[in-house]
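Colleague: mind folding the following:
(2 chains, ligands or ions: 2)
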Amino acid sequence: MYAIEALSLSKRFGNIQALSQVDFTVNEGETFGFLGPNGAGKTTTIRILTGISAPTQGSARIFGRDIVRDTIAARRQMGIVHETSNIYTDLSAWQNLMFTAELYNVGKKEREKRGAELLELFGLTERRDDKTNGFSKGMKRRLTLAMGLINHPRLLFLDEPTSGLDVQSNLIIRDVISELNKTGVTVFLTTHNIEEANLACDRVAIINRGHIAAIDSPERLKNTIQSVQSIEVAFDPVSLVRVEDLEQIPSVSEVRKQGDKFRLITEDPPGVLEEIMEYSRNHNVRVISVTTLGPSLEDVFIRLTGLDIRTKGVKAID
Amino acid sequence: MTELGEHCDQVCTELHAAWAIAKKDIIIYYLKPNIIVSGMLFPIFMFLAFAIGRPEVPAVMIPGLIAITILFSASSIEPVSIPIERRMKTFDRLLSAPISLHTVVLGESMSGFLYSLGIAFVPLIAGLILFPTPIVGFAALIAGLVLTSFCFATMGTLFAAYPTESPGDIMSMLNLVRLPLIFVSGVLIPLEQIPQIGQYIAYFSPLTYGNDLIQAAFAGDTHFNPAIDVVMLLLFILIFQFVANRLYKKYND
Ligand SMILES: Nc1ncnc2c1ncn2[C@@H]1O[C@H](COP(=O)(O)OP(=O)(O)O)[C@@H](O)[C@H]1O
Ligand SMILES: [Mg+2]
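Modeller: Residues are numbered from 1 along each chain as shown, chains lettered A, B, ... in the order given. Ligands and ions are numbered 1, 2, ... in the order given. Below you'll find the model as predicted:
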């Protein structure tokens, strides 16, 4: 049985087609990523899969249960971490957890035990009885995650779990996701962060403007565009090097400046390497490091969606 | 037997969840100053403003005062709490929980219901202490307090279905209904004294029946048999509950 089956889901809001015939399945125990820029339809998909909003067309099943017809039974298996950290800021961390547990019919003894474990896991034990309005963004996010896990879900939905967070919260959350995966929990996460999808997910669906562009494991997605290779090179002094000059090198299709390094996309890395050495002699700069790279998930994303990630709110590194 | 057991399980689960929803509003809202002002002080001041300088014995006015207090206090929580929950996105938690939408509506109404039951004791006790207001029908009193409170709490939840993130929007719509209601329901002006058209409208006002039932408890002027009042209030509760459920479903997308 699949944890999630989405069958040709479409969703219209007035004249905005938010989703078009979205089809995919998620296996039990898998960490499945939904990767796409802002407005791609990620949250809309989660709202349909969790039964908050009904699809205009198509259907979805959660562990075999139709989400529209058998909503409550389907929801009992899930934990949901919404895009915004939606906690009650007039309640304490503990009251928030206990309230969620009661909504999910978790017995008193069990919810108190689980609540204490989760506060510990997310580093919130000391703030247990504090009202959450004083919490930092990262703490609120961690509490939201704890609330999503209070009912021991078999399937966890995470809508952009780490977007815009501090490093510490980010690390805790990524750790928890990988731990959950080891205990057999299915995770469906959306992200606009390519590196997160690459690191956390067994399979990734790339979604753009409501259409799924590809679904596969990160490695296989990279293999589909094996022709895109690149050379990363650092010069000293970097100030003497101009992107326009590097773009003149034959067989370089694109140059991206990344920090103090340049990334040259090419189908012929050895040929380009010779040209770079030649360039460094002519311009009196020293090559201080060279790395040849296979295609990244970022390259796949750009190839499949035609989007330039720097302008469309997709981040390579968060 | 197991099927019955399972059915009971689901009902118990839903009721438990409704109570959890009510409890959170009780913790968050009961002590908020603006709720106390709009739920308790406002109806009492308004009533006093109307009552001052009138010849009636104050005792006669106690049932009406109770009815108005219930109208305003019962519908003072959800119209504030639900738009704020929308803004904070906590409302999505309720909408995505493994419970029926009816339970969400019921749970939200419960906090307003309990609040106004409590507040109604202020004019009730004041009446008993300050004026000779004998209670002749305890059953009518309890039914009147409970059903009227529940009815207007559900009405508050119904109005809060309007998809806005600002409590002011809902409060102004609600006042458009609540203020006229007190003039056509026989609370401040006896039904016989209002124009014919107003009397027809009174039949469609739950406040008419709530006030009538509480009047019966105090041996005041009544227009209907208390049993009719009870049936009508129950009918309004059901209508409000179902319409609220439909509206929340419709505006969810
Ligand atoms: N309730 C709504 N009403 C109208 N349009 C909406 C609504 N929700 C989402 N949309 C539109 O649907 C598209 C997808 O949105 P969303 O699923 O939130 O994207 P993402 O989560 O990938 O950033 C966007 O164009 C958005 O403006
Ligand atoms: Mg989103």
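Colleague: and stretch A:74-81 with ligand 2, contact?
Modeller: No - judged by CB under 5 Å from the ion, stretch A:74-81 stays clear of ligand 2, getting no closer than 12.2 Å. In this view, the C-beta of every residue, glycine as well, is placed from N, C-alpha and C.
Colleague: would you mind naming what in the stretch 1-150 of chain A lies close to ligand 1?
Modeller: A:13, A:16, A:18, A:36, A:38-44 (CB under 6 Å from any ligand atom).
Colleague: and residue A:88, what does it touch?
Modeller: A:95-96, A:99, A:132, B:24, B:28, B:88, B:90 (CB atoms under 8 Å, 6 or more residues apart in numbering or on different chains).
Colleague: at 7 Å what do you get?
Modeller: By CB atoms under 7 Å, 6 or more residues apart in numbering or on different chains, the residues touching residue A:88 are A:96, B:24, B:28, B:90.
Colleague: state the helix or strand in which it lies.
Modeller: Per DSSP states H and E, residue A:88 falls between elements, in no helix or strand.
Colleague: got JSON lines for the residues of the stretch 1-150 of chain A next to ligand 1, with neighbour count too?
Modeller: What follows is those, written out as JSON lines (neighbours: other CB atoms under 10 Å in any protein chain shown):
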{"residue": "A:13", "neighbour count": "12"}
{"residue": "A:16", "neighbour count": "10"}
{"residue": "A:18", "neighbour count": "22"}
{"residue": "A:36", "neighbour count": "29"}
{"residue": "A:38", "neighbour count": "11"}
{"residue": "A:39", "neighbour count": "16"}
{"residue": "A:40", "neighbour count": "28"}
{"residue": "A:41", "neighbour count": "24"}
{"residue": "A:42", "neighbour count": "24"}
{"residue": "A:43", "neighbour count": "19"}
{"residue": "A:44", "neighbour count": "23"}
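Colleague: what's the farthest-apart pair in those?
Modeller: A:13 and A:36 (17.0 Å; CB to CB).
Colleague: tell me the spacing between residue B:60 and residue B:220.
Modeller: 6 Å (CB to CB, to the nearest Å).
Colleague: okay, those two: which has more neighbours?
Modeller: residue B:220 (18 against 15; other CB atoms under 10 Å in any protein chain shown).
Colleague: ok, and the closest non-adjacent residue to that one?
Modeller: residue B:63 (5.2 Å; CB to CB, 6 or more residues apart in numbering or on different chains).
Colleague: equivalent analysis for residue B:199, please.
Modeller: In space, residue B:199 is closest to residue B:191, 5.8 Å off (CB to CB, 6+ apart).
Colleague: what residue in the stretch 51-200 of chain A comes nearest to ligand 2?
Modeller: residue A:83 (4.9 Å; CB to the ion).
Colleague: check contacts around residue 124.
Modeller: By default, I'm working from chain A. Contacts of residue A:124 by CB under 7 Å, 6+ apart are A:93, A:139, A:142-143.
Colleague: chain B was what I was after
Modeller: Counting by CB under 7 Å, 6+ apart, residue B:124 makes contact with residue B:66.
Colleague: next SSE after whichever helix or strand it is part of?
Modeller: Using DSSP H and E, residue B:124 sits within helix B:101-130. Remark: after helix B:101-130, the chain's next helix or strand is helix B:138-159, criterion DSSP H and E.
Colleague: quick one: contacts of that following helix?
Modeller: B:67, B:70-71, B:74-75, B:77-79, B:105, B:108-109, B:112-113, B:116-117, B:120, B:135, B:170, B:173-174, B:206, B:210, B:213-214, B:216-217, B:226, B:230, B:233-234, B:236-237, B:240-241, B:243-244, B:247.
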